[in-house]
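Student: everything below, folded, please.
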Amino acid sequence: FLHLGGLRTALYNFLFAQQHAGTFILRLEDTDQSRLVPAAAQDIEDQLEWAGIPPDEGGSKGGLYGPYVQSQRLHLYSAAAAALLESGHAYRCFCTNQRLELLKREALRSGQTPRYDNRCRSLHADQVQEKLSAGIPSVVRFRLSDSSEPFQDLVFGFTQHAVGQVEGDPVILKADGFPTYHLASVVDDWHMRVSHVLRGSEWLISTCKHLQLYRAFGWTPPTFAHLPLLLNKDGSKLSKRQGDIFIQHFRQQGVLPEALLDIVTHCGSGFSSNRLGRRLHELIGEFNVSKITAHSALLDLDNLPQFNRIHLQRRIEDDALCRPLVDELKDLIAHSYGDQIEDQEVLQRDYIQRVLHFRKGHISSVKDLISPVHSYLWLRPSVSREQLEQLSSEFREIAAKVIQLMQTEHTAEDLNAELKIASKNLKKTKYSSMMKILRVSLSGQQQGPSVSEMILSLGQKEVCCRLQRILDH
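Tutor: As a prediction, the model looks like this:
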């Protein structure tokens, strides 16, 4: 399933392709059948679509160089492995899992890094044929060279790793006929005419193996850019075991896609400027692969509500984008309060949209509006006469005066001025106490938005209804 690290990698590929009028390809790697997760492939496509960065080719979308699911391309990998066997760049290995495990244990016991000892490299052709005729299972390993040529990475610069000196020959085709990532990625990049590969820096060392594979095939490799790691704010690795780094989790929490894209780019590099609130078209315009640094990016998810608040406000201010928010909030209100709602007017589009406009900049998610502190927007409060008398014996006069004010429409500024004038005509009640009475009368709460905002959000009819109930008791 798609997580934050995968989203950022996909985003950088999308941005690069958009800038260069290229094609963003989604290739589904399912060659490790033991780790296959049902529905994971569809989830990746769905989340990229939701994030606004869908691939141009790949998955269910198809394209010129499909299929884009590696388990449907086994014939290509088999042919490629056969070509390497024929040219002597690869060989069959018959070592059992038990022997490989013993090698690993012995290396660890002696404090060394486990590696394959390349035992089957030296098998003669007749020995290989004899084992094959006997039905002994085998894998295909690529013959690594001890030397390594440096290559130019767009992020890390000139890079060189003599992998053949520190690692054993890697498996490129497993006994079940499925390739490993090393073979599959090289073959697919070539057949799909991939010009640039942007992927995580954990593949930087493996790229030296891949370049040897390209040379063995006689193919020109693509240009590589290895992206620095995305880490937690304390420098620890993002882990899939955390659970809350998956994109689906953020969607369920009401996080907007543009907020996620904003925060994963804000914490890193690769842009001509670094500021909050960038939208996708701005990310495309400001992206510069040469500005990506090799330093890991520290992601502070505690700041995510701030990012979401900015982008939510923009959606509320856009009529077309606000409509789905109104529908979402209406469903949340009905589900949360249902039969408790006395006046169905609160479910009307105009009312909900008005509430959103007054609360924009104060909320990080539409879900915030169904929290207890905002319940007064949907439910009429139960306020006793005793509560109000504790604040002022003039509470009836205050209610009557505000009902009179509601006979004409007001802006927030006009309303505040009228309320101050009204308070000066009271004998025993200061302005601050008057505001407390109105706040409790309208919301049943001691704290919350300004009284003028409460009045304008609820509307003239509802304010009069709530204040009249106080006069009637």
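
Student: next, the buried residues of the lengthiest helix in the chain.
Tutor: The longest helix of the chain (DSSP state H) is helix 319-337. Neighbour counts over helix 319-337 (16 or more other C-beta atoms under 10 Å) mark 322, 325-326, 329-330, 332-333, 336 as buried. From N, CA and C alone the C-beta is placed, and that goes for glycine too.

Student: can you list contacts of that helix?
Tutor: Defining contact as C-beta atoms under 8 Å, 6 or more residues apart in numbering, one finds that helix 319-337 is touched by 312, 314-316, 341, 346-347, 349, 352-353, 355-356, 366-367, 369-370, 375, 378-379.

Student: next secondary structure element downstream of it?
Tutor: Downstream of helix 319-337, the next assigned helix or strand under DSSP states H and E is helix 349-359.

Student: who are the packing partners of that next one?
Tutor: helix 304-317, helix 319-337, helix 451-458 (3 or more C-beta pairs under 8 Å, 6 or more residues apart in numbering; DSSP states H and E).

Student: to Y431, which of these lies closest?
Tutor: In terms of C-beta to C-beta, the element of the helices and strands packed on helix 349-359 nearest to Y431 is helix 451-458, at 10.5 Å.

Student: show me what that closest one is in contact with.
Tutor: Counting by C-beta under 8 Å, 6+ apart, 354-355, 358-359, 376-377, 402, 406, 410, 412, 415-416, 419, 435, 438-439, 442-443, 448-449, 463, 466 sit against helix 451-458.

Student: show me which of those residues are buried.
Tutor: Neighbour counting by 16+ other C-beta under 10 Å classes 354-355, 358-359, 376-377, 402, 406, 410, 415, 419, 435, 438-439, 442-443, 448-449, 463, 466 among the contacts of helix 451-458 as buried.

Student: out of those, which sit inside helices?
Tutor: 354-355, 358-359, 402, 415, 419, 435, 438-439, 442-443, 463, 466.

Student: out of those residues, the closest to R109 would be?
Tutor: Checking those against R109 with C-beta to C-beta, the nearest one is R359 at 63.5 Å.

Student: how about the residue nearest to that closest one when sequence neighbours are not counted, secondary structure?
Tutor: The shortest distance from R359 to any non-neighbouring residue, by C-beta to C-beta, 6 or more residues apart in numbering, is to L369 (6.5 Å). Put simply, L369 is helix when judged by DSSP: H, G, I helix; E, B strand; the rest coil.

Student: I'd like the distance between L369 and G218.
Tutor: 62 Å (C-beta to C-beta, to the nearest Å).

Student: please apply the same query to A80.
Tutor: 12 Å.

Student: okay, the two: which has more neighbours?
Tutor: Between A80 and G218, counting by other C-beta atoms under 10 Å, A80 is the more crowded of the two (24 against 8).

Student: how close does that one sit to H182?
Tutor: Distance from A80 to H182, by C-beta to C-beta: 11 Å.

Student: just Q72 next, same as before
Tutor: 19 Å.

Student: the two: which has the busier surroundings?
Tutor: Neighbours per residue (other C-beta under 10 Å) separate Q72 from H182, with H182 holding more: 19 against 12.

Student: that concludes my questions; thank you for your assistance.
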